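In: Kindly generate the corresponding structure for this input.
(one chain, ligands or ions: 1)
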Amino acid sequence: MKVGVIGAGTMGAGIAQVAAQNGHQVFLVDLNQEVVEKAKMGHVKVFERLVEKGTMTKEQTATILNAIHYSTSTNDFRDCGLVIEAIVENLEVKHKVFAELESIVDENCILASNTSSLSIASIGSALKKADRVIGIHFFNPAPLMPLVEIIPAVQTSDQTIDKCKELISSWKKTGVVCKDTPGFIVNRVARPFYGEALRIYEEGIADFATIDWAMTHFGGFKMGPFTLMDFIGNDVNYAVTESVFSAFYFDPRFKPSFTQKRHREAGFFGRKSGRGYYSYAEGVEQPKPKEDHELGKMIFDRILAMLINEAVDAVFMQVTSPEGVDLAMMKGVNYPKGLLQWADEIGLEKVLLQLEDLFAEFGEDRYRPNPLLRKMVRENRNFF
Ligand code: NAI
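Out: Alright, predicted model coming up:
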């Protein structure tokens with residue numbers, strides 16, 4: 001099957017590489033010729049490095065590179081069985097592009113979007129034959145991150161879902177099917193990692209370095225929340241938070257933080273701008289955490305309880321299964337353990353108590369324990 005990818009930026013280039021490495025002829029299209037050339041150069045470099053490292057032979061990489069066809073014309077999608085859209089995150093533009101794609105491809109071609117924040121149903125509304133629309137959400141960098149969220153819209157046919165599941169697993173990726181709800185799995189369940197860390201900072205409990213230390217030391221997370229937000233970019237991370245918050249009709253669980261907003265307003269985006277919560281200027285010594293065991297454990301327990309509550313909610317609201325949510329967080333954002341597995345190990349009752357304490361202390365809806373967590377404690381059940 002020929003695969004089309006529209007948008008040759010960060011995600012599109014990565015997705016095209018994945019498809020080509022898995023034996024497809026790939027048509028990578030962008031409206032900007034410069035972007036197309038940059039994507040091509042990027043691919044050449046990546047494969048040169050793989051040859052140097054001895055991961056692939058020169059012949060293998062040549063075959064893959066020859067399978068990627070770069071252009072600025074969507075007419076190249078004519079014979080594709082699947083086209084994945086990875087253009088700018090704007091519904092109006094996506095509508096135009098999906099309508100245009102439908103006029104080019106045949107009626108069996110699946111039209112997928114890599115959107116992070118728009119609903120697949122809204123994107124599919126631009127199509128005459130909307131049972132072929134689906135979300136295929138990769139994580140950055142697509143060639144390295146194993147998770148792909150597969151998101152059927154209300155319009156999507158079972159046949160489209162089945163074909164995509166099969167394809168994603170043939171690409172040696174972990175496909176997790178989830179409901180077309182804001183943030184899908186990962187961008188919803190991960191919110192407290194950032195939001196609760198920011199809240200703890202705003203309450204004056206600890207500084208950035210100490211909160212980061214607490215999460216890496218006690219939780220085994222590869223990066224603490226502030227290091228990670230600086231890595232992702234405070235502009236990008238704040239935009240996701242705001243979009244999830246408004247998409248959830250302003251549920252206080254997802255309330256954005258003034259601290260992050262001010263950092264974004266000041267241009268303190270993180271690594272890419274040279275300064276975020278930390279300074280990345282040469283020679284600057286990074287602040288040291290206050291390695292207070294009791295304080296660190298309290299911070300870690302609070303953030304983890306909030307993460308678990310969100311993971312439970314995704315199951316309660318049938319966004320995905322307990323296995324789905326745990327796989328998604330481990331394979332999409334490298335969590336050291338599945339959140340529900342973690343909850344089982346800690347004891348659901350203990351997690352519930354922690355949330356009840358926070359709820360009683362603050363009286364804010366943000367800390368309300370999920371009904372499924374209460375029910376499972378009542379029935380003395382575990383997730384696994
Ligand atoms: P990007 O800005 O790197 O690339 C977007 C590309 O689309 C640009 O090269 C632009 O020239 C092209 N484009 C815009 N309108 C077009 C049109 N009408 N026809 C053809 N090409 C067009 O953006 P990025 O980061 O690759 O994101 C693309 C999509 O993937 C967005 O929907 C985003 O939400 C989603 N996404 C992004 C992730 C990330 O970490 N950057 C992760 C997962 C999803």
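In: Enumerate the residues of the protein near the ligand.
Out: Contact residues, the chain versus the ligand (CB under 6 Å from any ligand atom): 6-12, 30-32, 35, 86-89, 93, 97, 114-116, 138, 140. Backbone N, C-alpha and C define where each C-beta goes, glycine included.
In: Sitting in helices, which of those do you find?
Out: 10-12, 35, 93, 97 (DSSP state H).
In: count of neighbours near Leu127?
Out: Each residue near Leu127 was counted by other CB atoms under 10 Å, and the total is 17.
In: Asp344 now?
Out: 18.
In: residue contacts, it?
Out: 382-384 (CB atoms under 8 Å, 6 or more residues apart in numbering).
In: Setting aside sequence neighbours, what's the nearest residue to it?
Out: Asn382 (4.5 Å; CB to CB, 6 or more residues apart in numbering).
In: got it, and His95?
Out: Computed as CB to CB, 6+ apart, the closest residue to His95 that is not its neighbour in sequence is Ala126, at 4.0 Å.
In: Local confidence estimate at the residue in the stretch 1-150 of the chain that the ligand sits nearest to?
Out: Nearest residue of the stretch 1-150 of the chain to the ligand (CB to the nearest ligand atom) works out as Gly9 at 1.9 Å. We note a pLDDT of 95 for Gly9 in this prediction.
In: Kindly report the same for the one 10 residues further on.
Out: We have a pLDDT of 98 for Ala19.
In: And the host helix or strand of it, how far out from the chain middle?
Out: Assigned by DSSP states H and E, Ala19 belongs to helix 10-21. Here helix 10-21 is found 16 Å from its chain centre; the criterion is CA atoms, centre = their mean, to the nearest Å.
In: show me what contacts Val351?
Out: The neighbours of Val351, taking CB under 8 Å, 6+ apart as the test, are 305, 308-309, 343, 373.
In: Could you measure from Gln33 over to Gly23?
Out: For Gln33, the distance to Gly23 equals 28 Å [CB to CB, to the nearest Å].
In: and the helix holding Ala19, which residues are buried?
Out: Judged by neighbour count (16 or more other CB atoms under 10 Å), helix 10-21 contains these buried residues: 11-21.
In: so the residue nearest to His95 touches Glu100, yeah?
Out: No: between Ala126 and Glu100 no contact is recorded; they are 9.2 Å apart, counting by CB atoms under 8 Å.
In: The stretch 51-200 of the chain: strands as residue ranges?
Out: 68-71, 80-85, 110-113, 133-138, 147-152, 174-177 (DSSP state E, counting those that start in this stretch).
In: Out of those, which is the most enclosed?
Out: strand 110-113 (a mean of 27; mean count of other CB atoms under 10 Å).
In: Report all helices and strands that that strand contacts.
Out: Packing partners of strand 110-113 (3 or more CB pairs under 8 Å, 6 or more residues apart in numbering; DSSP states H and E): strand 80-85, helix 91-104, strand 133-138, helix 158-170.
In: average pLDDT for it?
Out: Across strand 110-113, the average pLDDT comes to 98.
In: Using CSV, write out every CA atom in it.
Out: Presented in CSV, the C-alpha positions along strand 110-113 are these (Å, rounded to 0.1, in the frame of the first residue of the first chain):
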residue,chain,number,x,y,z
ILE,A,110,-8.3,6.1,4.8
LEU,A,111,-7.8,9.8,5.7
ALA,A,112,-6.1,10.2,9.1
SER,A,113,-5.1,13.1,11.2
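In: tell me which residues in stretch 238-249 are buried?
Out: Using 16+ other CB under 10 Å as the test for burial, stretch 238-249 gives 238-245, 247-248.
In: which of the contacts of Asp344 lies closest to the ligand?
Out: Distances from the ligand to the contacts of Asp344, taken by CB to the nearest ligand atom, are shortest for Phe383, at 27.2 Å.
In: wait, is that closest one part of a strand?
Out: No: looking at Phe383 with DSSP: H, G, I helix; E, B strand; the rest coil, it is coil, so not inside a strand.
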